[in-house]
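J.: 3D model of this:
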Amino acid sequence: MRRFGDGLAVGPDLEGAAEVAVAQACGPLDGTPPDLVAVFVAPGRQGGDAAARAARRATELAGGRTTFGATAGGVIGDGRGVEQEPAVAVWAAVLPQVRVTPVRLTALRNETGIGIDGLPTIGSDDRVAALLVDPYSFPVGGFLERTNTLAPGFPLVGGLASAAAGPGANRLFLDGEAHDRGAVGVLLGGEVGARTVVSQGCRPIGPPMIVTRAERNVLLELAGAPAYQRLAEIVTALPPPEQAMVARGLHLGVAMNEYADDHGRGDFLIRGVLGADEAAGAVVVGDLVEIGQTVRFQVRDAAGAGEDLAELLSGAPARGALLFSCNGRGTAMFDSADHDVRVARSAFGDAAIAGFFAAGEIGPVAGRNHLHGFTASVLAFP
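T.: Residues are numbered from 1 along each chain as shown. This next block holds a predicted model:
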């Protein structure tokens, strides 16, 4: 029988916090050794070495078959989120008939550019992978593009370590070892039954439009008219409060399936609008756009982001989940750091949920893995 538990402890004694969090997470397992343990450490000002000691202590106490984790600016567990103070979150799972394979990846320069060492072979019954990345030493964008080509449709979920704003300061944990670069994760095979959810937290403004002229990441024409003109028409028609949202941050949704009769929630890949040039009639987007794609302008606000997450999580209860929420969410977007985990628990029925506030989130949209911002990426187990 599957069992899940989560725990969280706050305080400057990180090893002591790890002990408390492990006890909380392993309590519901009724003495059964966990097959998978996740440890997330917010070290505060204590640094990576203190976080590594806490993670090692958690690994020893939990006694899991496989343990992985990362440092972060904030962590999630026990139904709450903690930001900007020392804390440890632990998640433990008993997963019968699930094969758990630890993964350790490093980026290496070679004669053709950058290669990835440690790539596992994905078997026919492998179902999903969770990946934690140091953003300063691992080319996550290129890696995701490569995996989309080598293993089309295979989902990756995870996040970028976020504890420190500098190379070499983050730590990644795998089976008692701490690493200051690369990526770690787990490949799950067999009777996994997990589902992935990526809540991008935006809502559309204006109609869907076809890109009729573009150059790389510059939109020049939408539906036969200058892109700037189309945007101005949409914004002018909005009520003043929504115009203010546009001023604070405008996004573009790019439809991932051009053959769909209707594009709804989850069908668009959200990318930021970086700027606009009235004279050139152009809108600059944070990704490549192509002629013939369907796009729709979007705005992000707390109410819309909460509704999006709740809707995407509804209808499929889970007993355990890993949650990677952007560090631009939490109290930066909502009235509480607990927002995303509370929404998830409400949807899943008080499941064991743990994770961290990431510097970027990994998850699939329309069958392809992407690096996101301002999202909540979830791996949920029934």
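
J.: pretty sure residue 19 belongs to a helix, no?
T.: Yes: the assignment for residue 19 (DSSP: H, G, I helix; E, B strand; the rest coil) places it in a helix.

J.: I'd say it and residue 56 touch.
T.: No: distance between residue 19 and residue 56: 11.9 Å, which falls outside the contact criterion (CB atoms under 8 Å). Every residue, glycine included, has its C-beta placed from N, CA and C.

J.: beta partners of the nearest residue to residue 29 once chain neighbours are set aside?
T.: Nearest residue to residue 29 in three dimensions, chain neighbours excluded: residue 3, at 4.8 Å (CB to CB, 6 or more residues apart in numbering). Bridge pairing for residue 3 (DSSP bridges) gives the partners residue 94.

J.: gap between residue 210 and residue 192?
T.: Note on residue 210: its distance to residue 192, by CB to CB, to the nearest Å, is 39 Å.

J.: okay, now the residue nearest to residue 29: neighbour count?
T.: Residues near residue 3, counting by other CB atoms under 10 Å, number 19.

J.: what are the buried residues along the top helix by length along the chain?
T.: Counting by DSSP state H, the longest helix found in the chain is helix 48-62. Of the residues in helix 48-62, 48, 50-59, 61-62 count as buried by neighbour count, 16 or more other CB atoms under 10 Å.

J.: got those as TSV, with distance to residue 296 columns?
T.: Putting the buried residues of helix 48-62 into TSV (distance: CB to CB, whole Å) gives the following:
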residue	distance to residue 296
48	42
50	46
51	41
52	45
53	48
54	44
55	42
56	48
57	48
58	44
59	45
61	49
62	45
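
J.: least confident of those?
T.: Comparing pLDDT over the buried residues of helix 48-62 singles out residue 48 as the least confident position, at 92.

J.: how about the strands in the stretch 1-150 of the chain?
T.: Secondary structure of the stretch 1-150 of the chain by DSSP state E, counting those that start in this stretch: the strands cover 3-10, 36-42, 66-71, 74-77, 80-83, 87-94, 98-110, 113-117, 126-133.

J.: what mean pLDDT does the fifth one have?
T.: This means strand 80-83. For strand 80-83, the mean confidence score works out to 98.

J.: re earlier: if you count what's nearby, which of residue 210 and residue 192 comes out ahead?
T.: Taking residue 210 and residue 192 together and counting by other CB under 10 Å, residue 192 has the greater number of neighbours (19 against 15).

J.: tell me the contacts of the more buried one?
T.: The neighbours of residue 192, taking CB atoms under 8 Å, 6 or more residues apart in numbering as the test, are 95, 98, 127, 128, 381.

J.: mind giving me JSON lines with those residues and columns for neighbour count, pLDDT and distance to residue 88?
T.: Rendered in JSON lines, the data for the contacts of residue 192 read as follows (neighbours: other CB atoms under 10 Å; pLDDT from 0 to 100; distance: CB to CB, whole Å):
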{"residue": "95", "neighbour count": "22", "pLDDT": "98", "distance to residue 88": "22"}
{"residue": "98", "neighbour count": "19", "pLDDT": "98", "distance to residue 88": "25"}
{"residue": "127", "neighbour count": "18", "pLDDT": "98", "distance to residue 88": "29"}
{"residue": "128", "neighbour count": "20", "pLDDT": "98", "distance to residue 88": "25"}
{"residue": "381", "neighbour count": "23", "pLDDT": "98", "distance to residue 88": "22"}
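
J.: residue 78: which of those is nearest?
T.: residue 381 (17.7 Å; CB to CB).

J.: show me what that closest one is bridged to.
T.: When bridges are taken as DSSP bridges, the partners of residue 381 come out as residue 320.

J.: for it, give me its contacts.
T.: 2, 4, 93, 95, 192, 193, 194, 318, 319, 320, 321.

J.: pick the one among those residues closest to residue 119.
T.: Taking CB to CB as the measure, residue 119 sits nearest to residue 192 out of those, at 19.9 Å.

J.: would you check how far apart that closest one and residue 2 are?
T.: Shown here: residue 192 relative to residue 2, a distance of 11 Å by CB to CB.

J.: circling back: just want the angle from the longest helix of the chain to strand 87-94.
T.: Angle, helix 48-62 to strand 87-94, by axes from the mean of the first three to the mean of the last three CA atoms, to 10 degrees: 30 degrees.

J.: list the helices and strands helix 48-62 packs on?
T.: Where contact means 3 or more CB pairs under 8 Å, 6 or more residues apart in numbering; DSSP states H and E, helix 48-62 is packed against helix 14-26, strand 36-42, strand 66-71, strand 87-94, strand 172-174, strand 177-179.

J.: if we go to 7 Å?
T.: With contacts defined as 3 or more CB pairs under 7 Å, 6 or more residues apart in numbering; DSSP states H and E, the packing partners of helix 48-62 are helix 14-26, strand 36-42, strand 66-71, strand 87-94.

J.: list the buried residues of the longest one.
T.: Within helix 14-26, the residues that qualify as buried are 14, 17, 18, 19, 20, 21, 22, 24, 25, 26, counting by 16+ other CB under 10 Å.

J.: shouldn't the first one be in contact with residue 86?
T.: Meaning residue 14. Yes: distance between residue 14 and residue 86: 5.9 Å, which falls inside the contact criterion (CB atoms under 7 Å).

J.: same question for the nearest residue to residue 367 once chain neighbours are set aside, what's its three-state structure.
T.: Once its chain neighbours are removed from consideration, residue 367 has its nearest residue in residue 153; the separation is 5.2 Å (CB to CB, 6+ apart). For residue 153, the secondary-structure state derived from three-state DSSP is coil.

J.: between the contacts of residue 381, which sits nearest residue 36?
T.: residue 93 (4.8 Å).

J.: that closest one: neighbour count?
T.: The local packing of residue 93 (other CB under 10 Å) involves 25 other residues.

J.: distance check, it against residue 60.
T.: When distances are taken as CB to CB, residue 93 and residue 60 turn out to be 18 Å apart.
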